[in-house]
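>>> requesting a structural model of the entry that follows:
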Amino acid sequence: MDVMVFRSFCARIGELSVAELRELRAALVELDAQVEVRGRIDARGARLRQCLHCGTQGPRPWGQTRTGLKRFRCAACGRTFSSATGTAVARVRLVDKFAAVVADMVSGSVPGSCRVLAARLGVGRMTIRTWRMRVLAALEGVGAPGLYGIVEADETLVHESRKGSRE
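The predicted structure is shown next:
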């Protein structure tokens, strides 16, 4: 944006109505979330020292993805990759909303339902479910390897229907 246009816009902010100010605030908060999440993902790209496909040292910068993430190209194998390749965020276009889903999952309270979260973020409920499955797949193997020791179950009631049984 041109500096003069920006300064003119800043000078005229006082003329905006309350509804327009709220809309501007919401747009700025959403943009801030997008920039923060993309910055975190690109920080991983800055640490990449080898190709994610063949392991050759020194990938070269190769433009950007359509979501604004940095791309790299390997001189040896010729394949391109971004800083999100091989992670749960790979091929996700709405990374800021994906981050909101992850934050909902790891928050101290009970995660919201897919429908409620989808309505809040403005995406489909199946998209939320797919993103949650990606996060769970990425977390596979993290934590305790399994249960061990003595496990007791008391007064477990299992309902069994024998309707239609020929026994």
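>>> report how many residues lie close to the closest residue to residue 105 other than its chain neighbours.
Among residues not flanking residue 105 along the chain, residue 111 sits closest, at 5.2 Å (C-beta to C-beta, 6 or more residues apart in numbering). Where C-beta positions appear, they are placed from N, C-alpha and C, glycine not excepted. Neighbour count for residue 111, taken as other C-beta atoms under 10 Å: 14.
>>> before we move on, what SS does residue 111 have?
With DSSP: H, G, I helix; E, B strand; the rest coil as the basis, residue 111 sits in coil.
>>> that one and residue 46, how far apart?
Residue 111 sits at a distance of 31 Å from residue 46 (criterion: C-beta to C-beta, to the nearest Å).
>>> give me the residue at the spatial middle of the chain.
residue 98 (2.9 Å; C-alpha atoms, centre = their mean).
>>> which residues touch it?
Taking C-beta atoms under 8 Å, 6 or more residues apart in numbering, we find residue 98 in contact with 37, 88-89, 92, 131.
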